[in-house]
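Colleague: Output the structure for:
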Amino acid sequence: PHLAVDKQLDAIFLARIGLRVLHEHYIRAVQPPRQGYAGAIQLECSPVAVCEEAAAATRQQLQQRYGAAPPVEVVGERGHSFAFVPGHVRAVV
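Modeller: Numbers count the residues shown, from 1 in each chain. Predicted structure coming up:
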């Protein structure tokens, strides 16, 4: 029974992610173009850079709210990049 529930939830979440990405891409595609982007897709997205930015923003929020924040280590090559939706990387992280 748990496998059936997991399978159904996976399908729901995958559909939600797909719809969110399509929606964001459509909205960005009808707006004025941004340098280095095609709609919501960053042409040279560095997952390491996105993770470092998300970690810094999260640490700042924790510092402001609680007065402390744990260190975060992002492991990877900052120079590696590919065409991807950075907002999706941030959502996953």
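
Colleague: mind checking how far the longest strand out of those in the chain is from the chain centre?
Modeller: In the chain, taking DSSP state E as the definition, the longest strand is strand 41-45. Strand 41-45 sits 12 Å away from the centroid of its parent chain (Cα atoms, centre = their mean, to the nearest Å).

Colleague: So which other helices or strands are in contact with it?
Modeller: Packing partners of strand 41-45 (3 or more Cβ pairs under 8 Å, 6 or more residues apart in numbering; DSSP states H and E): strand 82-84, helix 86-92. Where you see a C-beta, it was placed from the backbone N, CA and C, and this is true even at glycine.

Colleague: could you give the angle of the helix ranked longest in the chain to strand 41-45?
Modeller: If you go by DSSP state H, the chain has its longest helix at helix 2-29. Relative orientation of helix 2-29 and strand 41-45, computed by axes from the mean of the first three to the mean of the last three Cα atoms, to 10 degrees: 100 degrees.
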